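> using only what follows, build the 3D model:
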Amino acid sequence: MAPVASPRVLEKPVLLMQDRGGDSAALRLLSAERSEEIFPILLEEIVKIGFPRALVLEVDFENGDVKATASLNCDKNEVEKFHTSLWARDNPIMAVLQRLSPAVLPNPTGKGTSFYAYPMIYRSRTRCWEAERERREDCLAVQNTRLSRHLPLEGQICSACGMRAYATLLLTQLGKDTPPARLDQLRNLAERANSYLARLFKIEHYFNRMRDMEVTISRLSAVMQSMADPVIFTDDQHRVVIQNRAAERFFRVPEGIGDGGRRAVELNNLLFSAALSSMMVSGKDTSRDLTLVDVMEGEEVLFEAVCAPTQSSDGTRTGMVTVMRDVTDLRRADMEVRANLDKLRIAEEIVRQERDRLNLVIENVGDPIVVADNSAKIVLLDSLAKELFGIAEGSKHPQVMKNLAKLDAYLTAFTFSFADKDNRSLRLYNPSSQAEVEYAARSGKIYDARGQVSYTVTVLRDFTAWRKLEQLQMERRMLEIEKFAATGKLAGTIAHEINNPMEAIKNAIHILGEKVEPESKQIYDVLKSETERVTRIVRQMLGLYRNVVQFDSFDINGVVEDTLTLFARPLAKAGIVVDKRLGELPPFKGSGDQFRQLLSNLVVNSRDSMTSGGKLVIRTRGTRSVDGLRRWISLSVADTGSGISPEIRKSMFEPFVTTKGGKGTGLGLWIVKGIVENHTGRIRVRSALRKGTVINLVFPIST
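Sure, this is the predicted structure:
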């Protein structure tokens, strides 16, 4: 069997023992399926056309070596003579490669004929697939085609597809008289072999890339399938390219599922596509909460969809990788933690408010307060207690130390006793008054969850101050009783003196009634009704401390209308504008005469406070409690007068208190207060100097 050319340097010379002249060189080169087959076929065809020896030198771009990769009819020593390096710039072989021009080289052995060197590099007039798709002009094959000299051996990597090119040098030994036609035949054969070699080299490059991609895809698929979380690859149209088994549970219809399961899968796909579209439009979101339905279990599952875009080499988005993490339990736990945190904050705020309220109470209670723990050790004292027991200034006064000893003995006896409360009298030295004071010690215990004593609280009340206060209250009450007795006596005397002339006036009005003209009848009726009201008021003054008033149902709005009609002329003369805001009121059970007297006093006071005119607002309305069980009637009288000073406001409802000087008696508001209290009502006053006064009367409606 004849020896065959090899892409490697052979250990022994290879001789062609058989001529395969049946096939043409072009068909033989075209029949090659791998790039390694090109050089053996080429060398055989070169020898066949009349050249005695031939070999191929290939550049190794990894280490810079230039050595024989195939040879025919050459011995090993002769082949080794052609071994060189990329950096051997003075070597004729490298000069031929860099100039890209065929040349005749001397025999490196120094014997025999010379060699004809023909450079063969990776070049083609057709761009690679990547450059063609992206319409790029930096394809290495096309660039090498355009080179006329100086091949850049260091940059033989395609920028478009990333393929590392080849660079070879075909060497054939010349005879003594090699005709030019044979050299032309050699060059044509080399060019044809180079074009086939470039095509096969590119095919092998893509084949290797595809094989690497298949390995990568297989590894990624294995990784995806091993993940417990759903992982989905989608294209730029949100179509699913690949998904793992965890994702198929939600986005693929399993066998034997019903219509409900199919609709659930359709809904899941719709929600997932909508979420991807939303994130792609926003351009900022990288995660989104997504609720899907587990087709097999029929339960809702909350996912956090984390997305990352896939991009091409030029930065164009080609799709999306989505990893969905099941956060149902996590979110439920987060919600519970947040709810508990809110409750804790609310409880903390309540505790803080209670603490502040307790501190405020302790600071303003006006009595010394002592708090001790379960071992009778003092843990809290207010300012009065600190002064009493010398802790505030670290006092070492003997009397103060004696106070502290008495307190310790008392706290120890109470803390370890079985009593929950204790009231006892303690005589302690008061540093402020520099005298001994009798205190009433009232103590109580605070228990913990186990029923053990946690703290004890002791309040010390000064008996001396309490007795002085009780004495002052008694004296004030006696003064009020004497004042009311004098007021009743004065009122009875005045009423008795007024009663006789009022009887004469009533008789005169009765006699005058027969002679009144019809056009004056209305005025006569008002005169008669007001005279009767004065008579009733006199009778009330005679029985000041006796409730002789008869209560009947009447209309409060009617009383307001009558009173304003009576005072219409004086109010208009004083430049006062009256604003009536009367609401719908139910009948009220009480004394209509007393209400006329009450409203008359308030209107007169408002008129007198507005010396330069102003506005008088009278408002009535009915209100109801939230539960609908209680109802009230509100009567408000507001003016824009001079207002009431804070000093007068404290005693304005007491008798003989007036701001009108000699023009007033000081009994108007006192009478108003009595009428309101007689009807179980309440009075509220709001006033500001030079702005006005608002008096609001509230009366309950009995059901």
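> who's in contact with stretch 555-571?
526, 530, 578, 580, 582, 585, 587-588, 592, 595-596, 599-600, 603-604, 607, 616, 618, 620, 633, 635 (Cβ atoms under 8 Å, 6 or more residues apart in numbering). The way it works is simple: take the backbone N, C-alpha and C, and place the C-beta from them, glycine included.
> so for that stretch, mean pLDDT?
Mean per-residue pLDDT for stretch 555-571: 90.
> from the middle of its chain, how far away would that stretch be?
Centre-to-centre, stretch 555-571 and its host chain are 60 Å apart (Cα atoms, centre = their mean, to the nearest Å).
> can you list the buried residues in stretch 146-161?
The neighbour-count check on stretch 146-161 (16 or more other Cβ atoms under 10 Å) flags 151, 153, 156, 158, 160-161 as buried.
> and these, which is closest to Pro700?
Nearest to Pro700 out of the buried residues of stretch 146-161 is Ala160 (Cβ to Cβ; 96.2 Å).
> distance check, that closest one against Val694.
Distance check for Ala160 against Val694: by Cβ to Cβ, to the nearest Å, it reads 90 Å.
> can you list the low-confidence ranges for the stretch 301-450 of the chain?
The stretch 301-450 of the chain contains residues with pLDDT under 70 at 313, 390-396.
> now the strands for it?
317-326, 369-373, 378-381, 421-430, 435-447 (DSSP state E, counting those that start in this stretch).
> neighbouring strands for the first one, and are they parallel or not?
Neighbouring strands of strand 317-326 in its sheet, by DSSP bridges, are strand 231-235 (antiparallel), strand 300-311 (antiparallel).
> of the contacts of stretch 555-571, select the buried ones using a PyMOL command.
The PyMOL selection below is limited to those of the contacts of stretch 555-571 classed as buried (16+ other Cβ under 10 Å):
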select buried, resi 585+588+592+595+596+599+600+603+607+616+618+620+633+635
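> could you list which of the contacts of stretch 555-571 belong to strands?
Those of the contacts of stretch 555-571 mapping onto strands are 578, 580, 582, 588, 616, 618, 620, 633, 635, per DSSP state E.
> nearest to Gly298 among those residues?
When the ones in strands among the contacts of stretch 555-571 are compared against Gly298 (criterion: Cβ to Cβ), the nearest one is Ile633, at 62.7 Å.
> how many residues are close by the closest residue to that closest one other than its chain neighbours?
Counting by Cβ to Cβ, 6 or more residues apart in numbering, Ile633 lies nearest to Phe699, which is 5.0 Å off, once chain neighbours are set aside. Here the number of neighbours of Phe699 (other Cβ atoms under 10 Å) works out to 20.
> the helix or strand harbouring Phe699 packs against which elements?
Assignment of secondary structure by DSSP states H and E places Phe699 within strand 692-700. Counting contacts by 3 or more Cβ pairs under 8 Å, 6 or more residues apart in numbering; DSSP states H and E, strand 692-700 is packed against helix 592-609, strand 631-639, strand 682-688.
> cutoff 7 Å now
strand 631-639, strand 682-688 (3 or more Cβ pairs under 7 Å, 6 or more residues apart in numbering; DSSP states H and E).
> looking at those strands, spot the one closest to Glu348.
Smallest distance to Glu348 across the helices and strands packed on strand 692-700 (Cβ to Cβ): 36.9 Å, for strand 682-688.
> so Ile494: helix, strand or coil?
Following DSSP: H, G, I helix; E, B strand; the rest coil, Ile494 is assigned to helix.
> how many neighbours does it have?
Neighbours of Ile494 (other Cβ under 10 Å): 14.
> against Ile537, how distant is it?
11 Å.
> lowest-confidence helix or strand of this protein?
helix 463-512 (a mean of 66; mean pLDDT, DSSP states H and E).
> make JSON lines out of the strands paired with strand 317-326 and add distance to Val56 and mean neighbour count.
As requested, the strands paired with strand 317-326 are exported to JSON lines (distance: least, Cβ to Cβ, whole Å; neighbours: other Cβ atoms under 10 Å):
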{"stretch": "strand 231-235", "distance to Val56": "45", "mean neighbour count": "19"}
{"stretch": "strand 300-311", "distance to Val56": "42", "mean neighbour count": "16"}
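> of all these, which one is nearest Pro119?
strand 300-311 (39.5 Å).
> quick one: contacts of that closest one?
275-276, 279, 286-294, 317-328, 331 (Cβ atoms under 7 Å, 6 or more residues apart in numbering).
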